[in-house]
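> structure, please.
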Amino acid sequence: MDQLALLFVLLVGAVVSVPVGDRLGLPSPVLMTLLGLVLALPDFVPNVDIPPDLILPALLPPLLYAAVRRTSWRQFTANKRPIFLLAVALVFVTMIAVAATASAVVPGLPIAAAVALGALVAPPDPIAATAVAGQLGLPRRLVSILEGEGLFNDVTAITLYHVAIAAAVSGSFSVSRAVLELLLSAVVAVAVGAALGWVSNKLMDILNDATLQIGLTLLVPFASYVLADELHGSGVLAVLTTALFLAEYGTDPDDVLTRLAGHSFWEVVDTLVTGVAFGLIGLELHHAIATAENHWGEMLGWAGAVVGVVILVRLLWLLPATWLTQWLHSRRGDQEEDIPTSWRETIVMWWSGMRGVASVALALAIPLEMDDGSPFPDRDEIVFIAFVVIVVTLVLQGLTLPWLVRRLGVQADTAREKEFEKELAVRAARAAKERLAEIEREEDLPEELFEQMLRRAFDLGVRITPDVVEDERMEAHEKRARRLKRIRRIQGEMLSAARHEILAARGEPGADPEVVDRVLRHLDVRSLR
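Coordinates of the predicted model:
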């Protein structure tokens, strides 16, 4: 088996793991990690041969962009307190605790190398957290916090990692310089991300074609990451800024086709890249086995101590942090802020702190040599410990999280979600009616046409959620709904016959496939409408 065949196996596994995970009630990223672990055992499976400095730029931009598409800037600003406590403060605390533990248990490990280890295992993986949380039906407020933590903690951790590596390689460290680098990295990233977002938004208007616009959205995250990285900024923060800018300003309400096609496209990208990323984590077992040869007991002891610290520190931090956030929330009355409302939700947040892609990439990116040409101190030991932390948190916590959620009875507030959905349906129908009234005043519509359009405006809200219909009007609506359903069925069969006829013409002698596909596209768009 060569590298290309291995990649194909991972891509197929990424697709298959989604329905298998749904059936088993397990997160697909965890299943892909297990697949990678299984593939790492046979001798005929090759070692993964990807330059470490390419893993983050190749995998993180599309995954981050896909994750940000599911959220909004207002959601981040509303949750700035819990996100700060988790994404910034907890990363610092975890890094310090891991560095102290590693220095104590690993003989001769320099402080800078221990800090690098702490930085690379400190951030929970945003992709694993959102993928797992999304499949478990957790309350939206918990998903929002986990998304915010996962997306912003990489910014902090990766910057701290680079500072620690630079200190280890050069042998010198300055606190003031490290703080300055952290601030400059954030400023450069935001500037690059906002600029690329603005330019991309303008290009979207110029392209004016769904295929080209979606293609541009695939390139933009990579461009944002690489450009910010070249300017010594945070590539992760740049991608977040670009994605949030486009989500806020780059959406045309009337561009239905691009929005639907883009959603499907990014669902495919997210599924495939996530599967490959977590499959690669499992495949790194090759490297871990080679590293621990003849030192299994000692190195597993070191790794076990670090795993315990990583898991325990998150719990010990979350308990008082959640209490503090709840106290501030009740004192200030910030109703938009999403916070855990019980100790059960806090426990679920604790157990959702899985490590993943970023930690693997950072571990493999540790340089082989120092500035003076000597080997990087204890590099193999650091990589092994990091791998054990990643696998234990991903597999152990990922496999047991569904059971824990069911056991604690943490579920989404479906009543609140339905109420909000009903509110949006009413607003949509009201906006349609107001526009209809404006058109009626401008064009003096016939009464029969106005009444027909008014019913359609009402039906618009009902199609979103039937809860907007009063009891006395339900029977009339159901009658119209049955009639519309029958009309749609007949129209669907008519369009189906037309599509069959056009596809049959594609194989006829002299038929131009491009013209046939153009006509078929018109029929598909008509069916969509």
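> what secondary structure does the residue nearest the centre of the chain sit in?
Taking C-alpha atoms, centre = their mean, the centroid of the chain lies closest to residue 67, which sits 2.8 Å from it. The three-state label for residue 67, taken from DSSP: H, G, I helix; E, B strand; the rest coil, comes out as helix.
> was I right about it contacting residue 147?
Yes: contact between residue 67 and residue 147 holds when scored by C-beta atoms under 8 Å: they sit 6.6 Å apart. Backbone N, C-alpha and C define where each C-beta goes, glycine included.
> once you drop chain neighbours, what's closest to residue 185?
residue 234 (4.7 Å; C-beta to C-beta, 6 or more residues apart in numbering).
> tell me where the model's unsure across the stretch 1-150 of the chain.
1, 52, 87, 126-136 (pLDDT under 70).
> helices of that one, start to end?
3-24, 28-39, 52-68, 73-78, 80-83, 90-105, 111-121, 126-136, 140-170 (DSSP state H, counting those that start in this stretch).
> turn these into TSV, columns for distance to residue 261.
TSV is the format used below for the helices of the stretch 1-150 of the chain (distance: least, C-beta to C-beta, whole Å):
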stretch	distance to residue 261
helix 3-24	19
helix 28-39	23
helix 52-68	15
helix 73-78	24
helix 80-83	32
helix 90-105	37
helix 111-121	37
helix 126-136	22
helix 140-170	24
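> most packed of those?
The highest average neighbour count among these, using mean count of other C-beta atoms under 10 Å, belongs to helix 111-121 at a mean of 27.
> same for it, what does it pack against?
helix 90-105, helix 140-170, helix 296-332, helix 357-364, helix 379-391 (3 or more C-beta pairs under 8 Å, 6 or more residues apart in numbering; DSSP states H and E).
> in contact with the residue lying closest to residue 370 once chain neighbours are set aside, which residues?
Setting aside the residues directly before and after it, residue 370 is nearest to residue 169 in space (C-beta to C-beta, 6+ apart), at 5.3 Å. Each residue near residue 169 by C-beta atoms under 8 Å, 6 or more residues apart in numbering is listed here: 367, 370, 371, 376.
> quick check: the farthest pair among the residues you listed?
371 and 376 (10.5 Å; C-beta to C-beta).
> thinking again about what came up before, out of the contacts of residue 169, who's the most crowded?
If you count neighbours using other C-beta atoms under 10 Å, the busiest of the contacts of residue 169 is residue 376, which has 18 neighbours.
> got the phi and psi for that one?
phi -60, psi 130 (degrees, to the nearest 10).
> can you tell me the SS state at residue 422?
helix.
> number of residues surrounding it?
16.
> distance check, it against residue 506.
Residue 422 is 46 Å from residue 506, where distance means C-beta to C-beta, to the nearest Å.
> contacts for the host helix or strand of residue 454 next, please.
In the assignment (DSSP states H and E), residue 454 maps to helix 447-464. Contact with helix 447-464 is made by 421, 424-426, 428-429, 432-433, 436, 440, 445, 468-469, 477, 480-481, 484, as judged by C-beta under 8 Å, 6+ apart.
> narrow those to those in helices?
In this view, the contacts of helix 447-464 that belong to helices under DSSP state H are 421, 424-426, 428-429, 432-433, 436, 440, 477, 480-481, 484.
> now the helix holding residue 454: average pLDDT?
On average, the pLDDT along helix 447-464 is 74.
> gap between it and the chain center?
Chain-centre distance of helix 447-464: 38 Å, with C-alpha atoms, centre = their mean, to the nearest Å.
> how much space between residue 290 and residue 296?
Distance from residue 290 to residue 296, by C-beta to C-beta: 12 Å.
> phi, psi for residue 375 please.
With angles defined as degrees, to the nearest 10, residue 375 sits at phi -60, psi 150.
> residue 381 is in contact with that one, correct?
No: Residue 375 is beyond contact range of residue 381, at 11.9 Å (criterion: C-beta under 8 Å).
> so which of these two has more stuff around it?
Taking neighbours as other C-beta under 10 Å, residue 375 and residue 381 compare with residue 381 leading, 23 against 11.
> not counting sequence-adjacent ones, nearest residue to that one?
Per C-beta to C-beta, 6+ apart, closest to residue 381 is residue 106, 5.9 Å.
> which ones are touching that neighbour?
Contacts of residue 106 by C-beta under 8 Å, 6+ apart are 114, 302, 378, 381, 385.
> redo those residues as a markdown table? Include distance to residue 325.
Shown next, in a markdown table, are the contacts of residue 106 (distance: C-beta to C-beta, whole Å):
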| residue | distance to residue 325 |
| --- | --- |
| 114 | 30 |
| 302 | 34 |
| 378 | 38 |
| 381 | 37 |
| 385 | 31 |
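> with those in mind, which one is nearest to residue 259?
residue 385 (44.7 Å).
> next one: that closest one from residue 199, what distance?
Distance from residue 385 to residue 199, by C-beta to C-beta: 42 Å.
> again with residue 365
Taking C-beta to C-beta, one finds residue 365 at 29 Å from residue 199.
> more neighbours: those two, which one.
residue 365 (18 against 13).
> for that one, phi and psi?
Backbone phi and psi, for residue 365 under degrees, to the nearest 10, turn out to be phi -80, psi 0.
> I figured it was touching residue 53, is that so?
Yes: judged on C-beta under 8 Å, residue 365 makes contact with residue 53 at a distance of 5.8 Å.
> any residues in contact with both of the two?
With C-beta under 8 Å, 6+ apart, residue 365 and residue 53 have no common neighbours.
> show me where pLDDT drops low in the stretch 301-450 of the chain?
Filtered on pLDDT under 70, the stretch 301-450 of the chain yields the residue ranges 329, 332-341, 412-417.
> report the buried residues of stretch 381-399.
Neighbour counts using 16 or more other C-beta atoms under 10 Å place 381-395, 397-399 of stretch 381-399 among the buried residues.
> no wait, stretch 342-361
345-361.
> what of stretch 185-203?
Applying 16+ other C-beta under 10 Å to stretch 185-203 flags 185-186, 188-190, 192-197, 200-201 as buried.
> over to stretch 513-522?
For stretch 513-522, by 16+ other C-beta under 10 Å, it's 516, 520.
> who's in contact with that stretch?
Residues contacting stretch 513-522 (C-beta under 8 Å, 6+ apart): 499, 502, 503, 505, 506.
> of those, which belong to helices?
Checking the contacts of stretch 513-522 against DSSP H, those in helices are 499, 502, 503, 505, 506.
> and residue 71, how far from residue 146?
11 Å.
> cool, residue 435 as well?
Going from residue 435 to residue 146 by C-beta to C-beta gives 39 Å.
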